[in-house]
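Trainee: Provide a 3D model corresponding to the input given below.
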Amino acid sequence: MIPALRSGPLEDVIDTVRATVAAAPSVVPVGARTHWDVGGEPTGAVEVRAPAGIVEYEPAELTITVGAGTTIAQLDEVLAASGQQCPLDPRDPAATVGGVLAVGLSGPRRLRYRPLRDRLLEVHLVTGDARRVKGGGRVVKNVSGYDVCRLTVGSLGTLGVIVQVTLRCEPRPAASSWFACPYPGDVALARAYRPSTVLTDGRTSTVLVEGAGADLDEEQRRLGGVPTGDPLPLPTGPHRGRIAVRPRALAACGADLDALELRWCAEAGIGTVHVATDDEDRLAEARAVAATHGGWMLREAGAPGLDPFGTPLPVDALQARIKAALDPGGVCNPGRLPYPRPAEVPA
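Mentor: Numbering: from 1, shown residues only. Presented below is the predicted three-dimensional model:
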């Protein structure tokens, strides 16, 4: 049974941040450390953990409010009891809700369920100067105020400590099945109707279809696929990266990765290519391939000597101004994102 979350733990987080700011060191928000290699290495002195537990769940409203320290496995357990889901889909279900949102990496079902940021309706965070900021609201049709929710997703804890969130839920599909298809991802996309995921290695594909049983039968006929219990595995290794290119560039990007004998698997229709290697230098070669095809690569794991991002962020000056507004003392997670120095930020 997942515990209910009361107001006390939230105030404890605020008090911790306030005490840390007063003592001058920095704060490092910590979840389950399942995405610890994404971004730069944290250089803070004091770790802060968000509370876990259910604040409010209204199945009829398709929304749930939880402490940011709640794990994805716990969230899924609660929603499954009411026939619902919130497809955040991290690689590791031990990841926390706040950690997944802070890292901002959408799961493989993004093709059907849209980016991770579209799941977040309301966020409460504690800023570097110990203010409690709320963005969004606990309703699906909420368009008032500044979009703090989207600013928070992918911020890697550099704007504040995420302590509580409200998420958009939806009905759990009645049935789901993976189909193995002997052709590349673009062909699978053309044949399938609203697949949840199409994973491809450039030669074969596995397609995840969700819906009613009759829908799955029809999709199997359209795909000409063979039911399989498992998708194509995402590549594993001590050094991993996530390449982002335009979907139409996937085939050429994959061919270049094959030529380098790198392990990879792509999400067709999205433009994400998961790549892994046993050698740190080879991951740098994968980044060069991404750049050749007009994309970029984020380091996900390992490769400590490789720059996490590899290229100046196009909105870094804007990010620096937002950082200055929410964390004027630079207290929150210094080093995780490459913010420009104040002197480099245009007035």
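Trainee: which stretches of the stretch 101-250 of the chain form strands?
Mentor: Shown for the stretch 101-250 of the chain, the strands assigned by DSSP state E, counting those that start in this stretch span residues 120-126, 132-136, 161-168, 170-171, 175-181, 197-200, 205-211, 226-228, 239-244.
Trainee: Can you flag the weakest of these by average pLDDT?
Mentor: Among the strands of the stretch 101-250 of the chain, strand 132-136 has the lowest mean pLDDT, at a mean of 88.
Trainee: Need the strands of the stretch 101-250 of the chain in TSV (columns: distance to Asp147 and mean neighbour count).
Mentor: C-betas here are computed from N, CA, C, even on glycine. Below are these laid out as TSV (distance: least, C-beta to C-beta, whole Å; neighbours: other C-beta atoms under 10 Å):
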stretch	distance to Asp147	mean neighbour count
strand 120-126	10	24
strand 132-136	7	17
strand 161-168	14	25
strand 170-171	21	12
strand 175-181	32	18
strand 197-200	27	26
strand 205-211	29	24
strand 226-228	40	12
strand 239-244	22	22
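Trainee: would you turn those strands into a markdown table with distance to Thr20?
Mentor: Below are the strands of the stretch 101-250 of the chain laid out as a markdown table (distance: least, C-beta to C-beta, whole Å):
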| stretch | distance to Thr20 |
| --- | --- |
| strand 120-126 | 10 |
| strand 132-136 | 15 |
| strand 161-168 | 10 |
| strand 170-171 | 38 |
| strand 175-181 | 45 |
| strand 197-200 | 41 |
| strand 205-211 | 43 |
| strand 226-228 | 50 |
| strand 239-244 | 32 |
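Trainee: In the chain, where is pLDDT below threshold?
Mentor: The chain contains residues with pLDDT under 70 at 1-8, 21-22, 24, 44, 140-145, 341-347.
Trainee: how's it carved up into domains?
Mentor: 7-171, 175-228, 239-301 (automatic domain parsing).
Trainee: Can you give me the end-to-end span of the second one?
Mentor: Spelled out, it's domain 175-228. Between the opening and closing residues of domain 175-228 there is a gap of 14 Å (C-alpha to C-alpha, to the nearest Å).
Trainee: picking that back up, compare the strands of the stretch 101-250 of the chain and give me the one nearest Ile64.
Mentor: strand 161-168 (5.5 Å; C-beta to C-beta).
Trainee: Could you list the residues in contact with the lengthiest helix in the chain?
Mentor: Ranked by residue count, the top helix of the chain under DSSP state H comes out as helix 7-23. Taking contacts as C-beta atoms under 8 Å, 6 or more residues apart in numbering, the residues outside helix 7-23 that touch it are 26-27, 45-46, 48-51, 53, 67, 124, 126, 128-130, 132, 161, 163-164, 329, 331.
Trainee: if you go through the stretch 51-200 of the chain in chain order, where are the helices?
Mentor: For the stretch 51-200 of the chain, applying DSSP state H, counting those that start in this stretch gives helices covering 72-80, 97-103, 110-113, 148-152, 185-191.
Trainee: ok so, going back, could you dump the domains of the chain to JSON lines with distance to Ala324?
Mentor: Converted to JSON lines, the domains of the chain look like this (distance: least, C-beta to C-beta, whole Å):
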{"stretch": "domain 7-171", "distance to Ala324": "10"}
{"stretch": "domain 175-228", "distance to Ala324": "39"}
{"stretch": "domain 239-301", "distance to Ala324": "24"}
